[in-house]
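Participant: Turn this into a structure:
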Amino acid sequence: MLERFLHQWGGRDDLWIFGYASLIWRPDFDFAEQRRARVHGWHRALKMWSRINRGTPECPGLVFALLSGGSCHGVVYRVPRHEVPDVVARLWLREMITGVYDPRLLRCNTDTGAVQALAFTLSRRSPNFTGELSEARYRQIFSDSCGRYGTTRDYAHQTLLSLQKHGISDATLARLLELSQTKVASDEPRA
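Facilitator: Numbers count the residues shown, from 1 in each chain. Predicted coordinates:
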């Protein structure tokens, strides 16, 4: 898949990379420029199982994915053309280790014009797509799931803080995080 993406990119221009979650607060690569961006036709969703980074096989956690439909605000990074092969190879080790994402070049609108950017999307047909989760299930995951990079809740919270730092609001994410702070009456033990 890496070779196919590099062939699709073509090597003629710098590469833009779209960050919508941890790539905002931990890109792990050098870039020449950064801009706020919005992609149409895709939205950020905490609906991908994580059995290593934010959970375990016995107690899976969650990470974000771009799912089709809606729109998503994030950040794009411009990587100079001569650095792209190294940056993308490292990014592939981080994001594509299990091959779960569908990497795509998506049109991202910025204040200074549109760019085509690499984005990591998820198919709803993927076995790692959670489908709809109840509030109780989100609370349980936020409470119990922890992997080699920490908890799902910390990951989601860090993403929200980073979005806010860039002036980006995500009401859905804020509401999900509120669930981790509250208990409903049915969760309380009965006397």
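Participant: tell me what the longest helix belonging to the chain is packed against?
Facilitator: Identified as the longest helix of the chain according to DSSP state H is helix 152-165. Applying 3 or more Cβ pairs under 8 Å, 6 or more residues apart in numbering; DSSP states H and E, one finds that helix 152-165 contacts helix 22-25, strand 33-50, strand 61-79, helix 135-144, helix 171-179. Heads up, the C-betas are built off the backbone N, CA and C, glycines and all.
Participant: out of those, which comes closest to L106?
Facilitator: Among the helices and strands packed on helix 152-165, strand 33-50 comes nearest to L106, with 5.1 Å by Cβ to Cβ.
Participant: For that closest one, which residues meet the burial criterion?
Facilitator: Using 16 or more other Cβ atoms under 10 Å as the test for burial, strand 33-50 gives 35, 37-39, 42-50.
Participant: pretty sure C72 is touching V39, no?
Facilitator: Yes: with contact defined as Cβ atoms under 8 Å, C72 and V39 form a contacting pair (5.2 Å).
Participant: any idea which helix or strand comes after the lowest-mean-pLDDT helix or strand in the chain?
Facilitator: None of the helices or strands of the chain scores lower by mean pLDDT, DSSP states H and E than helix 2-9, at a mean of 74. Sequence-wise, the next helix or strand downstream of helix 2-9 (DSSP states H and E) is strand 15-19.
Participant: Mind giving me the packing neighbours of that next one?
Facilitator: Using 3+ Cβ pairs under 8 Å, 6+ apart: strand 15-19 touches strand 61-79, helix 84-95, strand 102-110, strand 113-121.
Participant: Looking at these, which one is packed in the most?
Facilitator: Neighbour counts (mean count of other Cβ atoms under 10 Å) averaged over each of the helices and strands packed on strand 15-19 peak at strand 61-79, with a mean of 21.
Participant: Can you give the distance of that one from its chain's centre?
Facilitator: The gap between where strand 61-79 is centred and where its chain is centred comes out at 5 Å by Cα atoms, centre = their mean, to the nearest Å.
Participant: Run a quick neighbour tally on D14.
Facilitator: 17 (other Cβ atoms under 10 Å).
Participant: Please look at it and V84 and confirm they touch.
Facilitator: Yes: judged on Cβ under 8 Å, D14 makes contact with V84 at a distance of 7.4 Å.
Participant: ok, back up a step: okay, the helices and strands packed on strand 15-19 in CSV with mean pLDDT and distance to L176 next?
Facilitator: Listed next are the helices and strands packed on strand 15-19 as CSV, based on pLDDT from 0 to 100; distance: least, Cβ to Cβ, whole Å:
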stretch, mean pLDDT, distance to L176
strand 61-79, 97, 9
helix 84-95, 89, 22
strand 102-110, 95, 24
strand 113-121, 96, 20
